[in-house]
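> dropping the sequence and predicted coords here.
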Amino acid sequence: MNEHVVVEDLHRTYGTGATAVHALRGLHLRVPRGQLLAVVGRSGSGKTTLLNLIGGLDCADGGRVLLDGAEVTAMDEEELLALRRGTLAYVFQSFGLVPILTARENVGVPLRLQHRPPAEREERVAHLLELVGLSAHRNQRPGELSGGQQQRVALARALAPGPRLLLADEPTGQLDSHTGRDIMDLIQRLVREERMTAIVATHDPVLLKVADRVVRLRDGQLTEA
Ligand SMILES: Nc1ncnc2c1ncn2[C@@H]1O[C@H](COP(=O)(O)OP(=O)(O)OP(=O)(O)O)[C@@H](O)[C@H]1O
């Protein structure tokens with residue numbers, strides 16, 4: 001199936017009554033496999049809300065999300081957990097690394113959760129750290145790494161289970177433009193070489209240049225940017 005992500009008539013409202021915020025109002029989106037899609041929009045326009053719903057981290061009030069034809073919006077907790085540990089990866093602006101673990105150990109966490117044998121784990125972790133250019137820093141903890149390096153560790157960890165879909169929320173948000181460019185190049189390479197699909201929420205103009213397509217969130221709906 002070539003259509004990787006399908007979003008139909010998606011609604012999400014926070015709160016009720018006069019203070020209700022209608023973050024998404026009947027949003028539609030189709031993303032073919034292997035596309036690097038950038039989602040832009042002003043602060044508060046609903047980008048994070050959209051990514052959370054696509055990744056099954058939050059529940060919609062209406063509409064459907066399908067990944068490879070499987071309906072995320074209808075999955076139970078167990079199915080969502082399997083999705084998050086397998087075909088889908090999420091990279092947050094805040095990195096979300098475990099402070100007491102080294103870079104190597106952080107990248108290995110998802111592989112432990114998958115009960116992969118230690119030798120196979122070690123090999124994959126080494127490969128991923130090399131891919132993100134951090135082999136020399138493998139024994140350092142997040143607090144001993146720069147922001148860009150931490151984001152690269154977070155990316156390597158997200159990629160550990162071999163996901164087919166990468167959701168990234170402002171992955172270059174806290175980084176200087178040069179480091180941000182490196183992260184974007186890396187995501188672009190992964191999309192090209194591993195035919196991964198990526199949906200990236202961003203304010204970053206650099207990112208827009210490498211995207212295959214850019215859509216804008218406004219008034220809870222998407223338009224071509
Ligand atoms: N848990 C929540 N409770 C109430 N309102 C929320 C909640 N999460 C988000 N919102 C509101 O929903 C709207 C969309 O928020 P969202 O975080 O999706 O926007 P965003 O485009 O990702 O913003 P930013 O670029 O600043 O991260 C905002 O008006 C926000 O205040």
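Yep, that arrived.
> spatially central residue for the chain, please.
The residue lying closest to the centre of the chain (Cα atoms, centre = their mean) is Leu167, at 2.0 Å.
> can you tell me the element that one falls in?
If you go by DSSP states H and E, Leu167 is part of strand 165-169.
> so which elements touch that strand?
Strand 165-169 makes packing contacts with helix 47-54, strand 88-91, helix 177-194, strand 197-201 when contacts are defined by 3 or more Cβ pairs under 8 Å, 6 or more residues apart in numbering; DSSP states H and E. Where C-beta positions appear, they are placed from N, C-alpha and C, glycine not excepted.
> direction included, what does it pair up with?
strand 88-91 (parallel), strand 197-201 (parallel) (DSSP bridges).
> can it be said to contact the ligand?
No. Counting by Cβ under 6 Å from any ligand atom, the ligand is not contacted by strand 165-169; separation bottoms out at 7.1 Å.
> neighbouring contacts of that strand?
4-5, 47-48, 51, 54-55, 67, 87-93, 158-159, 187, 190-191, 196-201 (Cβ atoms under 8 Å, 6 or more residues apart in numbering).
> excluding sequence neighbours, find me the nearest residue to Gly133.
Using Cβ to Cβ, 6 or more residues apart in numbering and skipping residues adjacent in sequence, the residue nearest Gly133 is Arg152, 6.8 Å away.
> likewise Met75?
Excluding the flanking residues, the one nearest Met75 by Cβ to Cβ, 6+ apart is Gly56, at 6.2 Å.
> pull up the pairing partners for whatever helix or strand Val214 lives in, direction included.
Using DSSP H and E, the element containing Val214 is strand 213-218. Applying DSSP bridges, strand 213-218 is found paired with strand 36-40 (parallel), strand 221-224 (antiparallel).
> quick one: the first one to helix 47-54, angle?
When axes from the mean of the first three to the mean of the last three Cα atoms, to 10 degrees is applied, the directions of strand 36-40 and helix 47-54 differ by 140 degrees.
> what residues does strand 36-40 touch?
31, 47, 50-51, 187-188, 191, 197-203, 207-208, 210-217, 222, 225.
> that older thread, so the residue nearest to the centre of the chain bridges to which residues?
Bridge pairing for Leu167 - DSSP bridges - gives Tyr90, Ile199.
> around the ligand, which positions in the protein sit nearby?
Contact residues (Cβ under 6 Å from any ligand atom) of the chain with the ligand: Tyr14, Gly15, Val21, Ala23, Gly41, Ser43, Gly44, Ser45, Gly46, Lys47, Thr48, Thr49.
> in TSV: the residues you listed, plus neighbour count.
As requested, the residues of the chain next to the ligand are exported to TSV (neighbours: other Cβ atoms under 10 Å):
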residue	neighbour count
Tyr14	13
Gly15	9
Val21	12
Ala23	24
Gly41	20
Ser43	6
Gly44	11
Ser45	19
Gly46	28
Lys47	23
Thr48	18
Thr49	24
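> identify the farthest-apart pair in those.
Gly15 and Gly41 (20.0 Å; Cβ to Cβ).
> returning to that earlier point: in the strand holding Val214, which residues are buried?
Of all the residues in strand 213-218, those buried under the rule 16 or more other Cβ atoms under 10 Å are Val214, Val215, Arg216, Leu217.
> re earlier: tilt between the strand holding Leu167 and helix 177-194?
Using the same axes, to 10 degrees, the inter-axis angle of strand 165-169 relative to helix 177-194 is 170 degrees.
> thank you kindly, that will do.
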